[in-house]
Every structure is written in C-alpha cells, then in structure tokens.
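**Q** give the three-dimensional model of this entry:
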Amino acid sequence: MQDRIIGRRAILRVIEQMYGIKSWWGALRFIRTHHLPLRRTPSNRPMFLKHELISYDAKYQELFCDHM
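**A** A predicted model of the protein is given here:
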C-alpha cells in the first residue's frame, strides 16, 4: 500500500476530488493558506503523506459542517 502522494499531477488529482481546485497554483495557495504539510522528496518533487491529508480533511469537514 502506497502511503505517499508524490508529484504535482497526483496531488492535484486528490485536491481536485476533495476540494474542487483544478490548478496547481490554486492548490498551492490552498495548501499554504490552510498550512497543509507539503513535503519534498530527495529529488525535490512535492509529496504528501496520505494519513496527514486524511486527518486534515476530517478537521476541515468538521469546521465546514459546523458553519452551515
């Protein structure tokens, strides 16, 4: 089982499914604004750990649902 999401395309696919953001620059802005832990591989490719992204999404959904 792969526990990492590596590369712009893979990260953008996940961000688009979760939040509807379709551009890499929009995804970067979202990541920076919400302090998501974007890491880098030794070859300097962007990377997320799946469990961190899932735990963040759970918190995001709680906040979003509480305000509706």
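**Q** make it CA atoms for all contacts and neighbour counts henceforth
**A** OK.
**Q** what ranges in this structure fall below the confidence cut-off?
**A** 1, 62-68 (pLDDT under 70).
**Q** strands along that one, start to end?
**A** Secondary structure of the chain by DSSP state E: the strands cover 4-6, 39-40, 46-49.
**Q** identify all contacting residues around stretch 30-47.
**A** Identification of contacts with stretch 30-47 by Cα atoms under 8 Å, 6 or more residues apart in numbering yields 4-8, 11, 48, 52-53, 56.
**Q** ok, and for it, which residues are buried?
**A** 46-47 (16 or more other Cα atoms under 10 Å).
**Q** now do that stretch: distance to the chain's middle.
**A** Distance of stretch 30-47 from the chain centroid (Cα atoms, centre = their mean, to the nearest Å) equals 8 Å.
**Q** tabulate the strands of the chain (JSON lines), appending distance to Trp24.
**A** Formatted as JSON lines, these follow (distance: least, Cα to Cα, whole Å):
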{"stretch": "strand 4-6", "distance to Trp24": "14"}
{"stretch": "strand 39-40", "distance to Trp24": "15"}
{"stretch": "strand 46-49", "distance to Trp24": "11"}
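**Q** neighbour-wise, which of the contacts of stretch 30-47 leads?
**A** Ranked by the number of neighbours (other Cα atoms under 10 Å), those place Phe48 first, at 20 neighbours.
**Q** list the contacts of that residue.
**A** Counted by Cα under 8 Å, 6+ apart, Phe48 has contacts 4-6, 11, 37-39.
**Q** and if you look at Ile21?
**A** Counting by Cα under 8 Å, 6+ apart, Ile21 has contacts 12, 15, 27.
**Q** so what's the last one closest to, chain neighbours aside?
**A** Closest residue to Ala27 apart from its sequence neighbours, by Cα to Cα, 6 or more residues apart in numbering: Ile21 at 6.1 Å.
**Q** of the contacts of Phe48, which is the nearest to Gln61?
**A** Relative to Gln61, the closest of the contacts of Phe48 is Pro37; by Cα to Cα it sits at 17.5 Å.
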